[in-house]
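> Can you look at this prediction? I've put the sequence above it.
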Amino acid sequence: MKLRVSAVQYHLHTIQSFEEFAAQCEHYIKTAEEFGAEFALFPEFFTTQLLSIGDGQGHSLKIDDLPNFTEQYLALFSNFAKQTNMHIIAGTHVLRKNGKLYNTAHLFYPDGRVGEQAKLHITPTEVHEWDMAPGDSFQIFETDKGKIALLTCYDIEFPEIVRMAKAKGADVIFCPSCTDDRHGFHRVRYTSHARAIENQVYVVLTGTVGSLPTVDFMRANFGQAAIITPNDIPFPPRGILVEGEINNDMVVTADLDLELLYEVRERGSVTTWRDRRTDLYVDWEK
C-alpha cells in the first residue's frame with residue numbers, strides 16, 4: 001500500500017484578518033491537492049499567525065487569545081478535508097480546557113471527524129512563557145491507509161513514545177514542529193532520523209518559516225520539511241525521500257510505500273524492531 005503525503009513549510013508573516021489566514025491555508029491545500037496528496041501536514045504553532053491580527057488598537061494578541069479562534073479553525077480545516085478528500089494534519093492549535101492551555105495537534109478526516117493529540121512533552125519556553133500544560137494521554141489514529149501517530153516537535157526527541165507508537169501499530173509518524181534557530185531545528189531533525197531507524201517507520205516532518213515581528217516568541221523561525229525513511233537498501237541512502245529548501249515558503253510531496261517497511265522489518269540489512277532486547281528493557285507491545 002502506498003500513500004502520498006505533502007508537508008507544508010508554512011510562511012509566517014503579519015496578517016490583518018482571519019480571512020487572510022484562511023486564504024493562505026487554502027493556497028497550500030490546493031497545492032497539495034494538485035499533487036494528488038492523500039495526507040497534508042502543517043507545522044506546529046502555525047495558527048499563532050492569527051495573533052498578529054491584533055486587537056484593533058495597535059497591540060498584538062497574546063497566547064491566551066488564541067483559543068478564541070478555535071471554532072473558526074475547526075470549521076476551516078473540516079471543510080478543506082471534506083472538499084479535497086484528504087486527511088489533513090493541521091499542525092497544532094492552542095486549546096483551552098478546564099482552565100489550562102494545550103498545544104494540540106489535529107487530524108481532520110475527509111468524513112468530518114476530527115482527532116486530537118495534545119503535545120506530551122512541553123519545552124521550558126512553553127511552560128514558563130506560555131503556561132502550557134502537557135497532554136496526559138496518547139493515541140494512535142486509524143485511517144484508510146493504516147495507523148498513524150501525531151507527535152509534536154519536542155515529542156520526537158523522546159524515544160519511548162515512538163516505541164509505543166510503533167508497538168501500537170503506527171507505520172507513519174507525523175511531526176509538526178516549530179523551531180527558532182539551527183540548534184532546535186537540528187535536535188528535531190536528527191532525532192526524527194533516529195526514530196525512523198530505531199522503529200523502521202516513516203517520519204513526516206515540517207516546520208514554520210518566516211517571522212511574526214509583533215508576536216512574542218514567534219519572531220524567529222528556522223524550518224525545513226522532510227519525509228524521512230529508515231536507512232536501508234530499498235530507501236534513499238540518506239534516509240530522505242524529499243526535503244524542502246531551508247526557510248523557503250513551499251510544499252514538498254512524496255509517496256510512502258508501506259510494503260517496503262514490512263520488507264525491511266523482516267529481511268533488512270538490519271532488523272532493529274525485531275532485534276530489540278525486550279529481556280533487558282520494556283516491551284511496549286505488551
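Noted; the coordinates are in hand.
> okay, stretch 158-169 in PDB with CA atoms only?
Taking Å, rounded to 0.1, in the frame of the first residue of the first chain, the C-alpha atoms of stretch 158-169 are listed here in PDB:
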ATOM      1  CA  PHE A 158      11.900  11.000  23.400                       C
ATOM      2  CA  PRO A 159      12.400   7.500  22.000                       C
ATOM      3  CA  GLU A 160      10.000   5.900  24.400                       C
ATOM      4  CA  ILE A 161       6.900   7.500  22.900                       C
ATOM      5  CA  VAL A 162       7.800   6.500  19.400                       C
ATOM      6  CA  ARG A 163       8.400   2.900  20.600                       C
ATOM      7  CA  MET A 164       4.900   3.000  22.000                       C
ATOM      8  CA  ALA A 165       3.500   4.300  18.700                       C
ATOM      9  CA  LYS A 166       5.200   1.500  16.700                       C
ATOM     10  CA  ALA A 167       4.100  -1.100  19.200                       C
ATOM     11  CA  LYS A 168       0.500   0.100  18.800                       C
ATOM     12  CA  GLY A 169       0.800  -0.400  15.000                       C
END
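> neighbouring contacts of it?
120-121, 138, 140, 146-147, 149, 151, 155-156, 173, 194-195, 198-201, 273, 282-285 (Cβ atoms under 8 Å, 6 or more residues apart in numbering). From N, CA and C alone the C-beta is placed, and that goes for glycine too.
> try it again with 10 Å
The contact list for stretch 158-169, computed with Cβ atoms under 10 Å, 6 or more residues apart in numbering, reads 120-121, 138-140, 142, 146-151, 155-156, 170-173, 175, 191-192, 194-196, 198-201, 203, 265, 273, 276, 281-286.
> Which ones among those residues lie within strands?
142, 146-150, 172-173, 175, 203 (DSSP state E).
> Could you identify the buried members of those residues?
146, 148-150, 172-173, 175, 203 (16 or more other Cβ atoms under 10 Å).
> Spatially central, which residue of the chain would that be?
Pro176 (2.1 Å; Cα atoms, centre = their mean).
> mind listing the strands for the stretch 1-150 of the chain?
Taking DSSP state E, counting those that start in this stretch as the criterion, the stretch 1-150 of the chain carries its strands at 2-9, 11-12, 39-41, 87-97, 100-108, 114-118, 141-143, 146-150.
> Restrict the fifth one to CA atoms and write it as CSV.
Going back to what we said before, that points to strand 100-108. What follows is strand 100-108, C-alpha atoms only, in CSV (Å, rounded to 0.1, in the frame of the first residue of the first chain):
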residue,chain,number,x,y,z
LYS,A,100,-5.4,25.1,31.0
LEU,A,101,-3.8,25.7,27.6
TYR,A,102,-2.8,22.7,25.5
ASN,A,103,-0.7,22.7,22.3
THR,A,104,-2.8,20.3,20.4
ALA,A,105,-2.3,18.6,17.0
HIS,A,106,-5.5,18.0,15.0
LEU,A,107,-6.2,15.4,12.3
PHE,A,108,-9.1,16.3,10.0
